[in-house]
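Visitor: Predicted model, plus sequence, below.
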Amino acid sequence: MMTNICGIVNLKRLLMLICSIASLCIIMPVSAFDGPLRVKNQFPLLMHLDSPSLESAVTANSLSASLFYSTVFMDKQSAQWKAQLDMEIAELNLRYTRQISNLFEFGIEVPILALTSGFMDPFLDTYHSTFGFGDYGRQSRPSNSFLYKVQRRGEVIIRGEANGIGLGDIKLSAKKILFEKDPLISIKAEVELPTGAASKGYGNGSLDGGLSLLLDKRLSEDIISYFNIGVIFPGELRAVEPINLNTSVYGGMGLEARISEQFSLLGQVMAQTSPFPKTGIGNMDRVGLLLTLGGRYVKGKENYELSFSEDPNTAGAPDVTFTISYKKNY
């Protein structure tokens, strides 16, 4: 009963935040648009499985650098599974896109990861209690400590390395515009290479792939919306012990509005199903939600972004994520 009540409360908060984003965008004049905020789901059990991010249907020549910083806590177990995640994750993500003879856009992403015990637990305790958000039971662990271990039937399948830095799984992509008018529609295919050390928590040890449909739709002269829907084909998780994974689907939407020639406000939400077999742990089995608010500053062909992301249903996403991003269009 209490679980259902909490779920309803979280859903109401999510709907209120989405409505607030929409209302905010409706009153703002817009001159130009540059796509959704650059945000990734850094939940450790998902971030190496071709983790999606919202994207515009537009193709472009660009170079970007994004710094994601997330806090994660989960200490749960079921009859066969036990997941203990207590860490902070920093990722420097370098991305390059290039239009090939006006036929399609080629892209490459190179992530560099650091898994640490962190420093944000005291702040998060205050944040969660102030706004009434769930905290996964963070008080049961020592403050600013590290733990990354996942077990199935008593056997360790993932054991993350503390305070290390490593290369993640490199992603290659191709995007093709299907319909050039309003709405602008593209299709995107991608593959993720097993370049990260899976046994230490930097990759999943096998090839992943994905397909997605991207749509940009102007709602008026002042507002544009972005819609993505896709499917992920995760390879086998090959860390300490191999685990077969299921196909995962995701979808999301974003709104962008510019309040001046150089500054815009954005809001977006994305949902993703779990690729793991049924574990009996709700935080792993439920659909993960990622809600993001942020702003973008444009100077010529250069963009600067700052955003904040929250997991409104405490499942399949970090507690909070802060993102700083720089992008240059050519």
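Guide: Nice, thanks for sending it over.
Visitor: contacts, neighbours, all on C-alpha from now
Guide: Noted.
Visitor: Give me the below-cutoff pLDDT ranges for this structure.
Guide: Low-confidence regions of the chain, defined by pLDDT under 70, span residues 1-32, 121-122, 124-125, 127-129, 131-142.
Visitor: after the top strand by length along it comes which helix or strand?
Guide: Scanning the chain for the longest strand, with DSSP state E as the assignment, gives strand 81-100. Following strand 81-100 in sequence order, the next helix or strand is strand 104-116 (DSSP states H and E).
Visitor: can I get the CA coordinates of that next one in PDB?
Guide: Output of strand 104-116 as PDB, limited to C-alpha atoms (Å, rounded to 0.1, in the frame of the first residue of the first chain):
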ATOM      1  CA  PHE A 104      24.400  10.700 -43.800                       C
ATOM      2  CA  GLU A 105      26.100  11.700 -40.600                       C
ATOM      3  CA  PHE A 106      28.900   9.700 -39.100                       C
ATOM      4  CA  GLY A 107      29.600   9.900 -35.400                       C
ATOM      5  CA  ILE A 108      32.100   8.600 -32.800                       C
ATOM      6  CA  GLU A 109      32.000   8.900 -29.000                       C
ATOM      7  CA  VAL A 110      34.900   8.300 -26.800                       C
ATOM      8  CA  PRO A 111      34.100   8.100 -23.000                       C
ATOM      9  CA  ILE A 112      36.700   8.300 -20.200                       C
ATOM     10  CA  LEU A 113      35.400   7.200 -16.800                       C
ATOM     11  CA  ALA A 114      36.300   7.600 -13.200                       C
ATOM     12  CA  LEU A 115      34.500   5.700 -10.400                       C
ATOM     13  CA  THR A 116      35.100   7.200  -7.000                       C
END
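Visitor: Would you mind pulling up the elements that that strand packs against?
Guide: Counting contacts by 3 or more C-alpha pairs under 8 Å, 6 or more residues apart in numbering; DSSP states H and E, strand 104-116 is packed against strand 81-100, strand 164-167, strand 171-179.
Visitor: Output those strands in a markdown table; the columns should cover distance to Val191 and mean neighbour count.
Guide: As requested, the helices and strands packed on strand 104-116 are exported to a markdown table (distance: least, C-alpha to C-alpha, whole Å; neighbours: other C-alpha atoms under 10 Å):
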| stretch | distance to Val191 | mean neighbour count |
| --- | --- | --- |
| strand 81-100 | 14 | 21 |
| strand 164-167 | 16 | 16 |
| strand 171-179 | 5 | 19 |
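Visitor: Nearest to Val287, out of the ones you listed?
Guide: The closest of the helices and strands packed on strand 104-116 to Val287 is strand 81-100. By C-alpha to C-alpha, the value is 16.9 Å.
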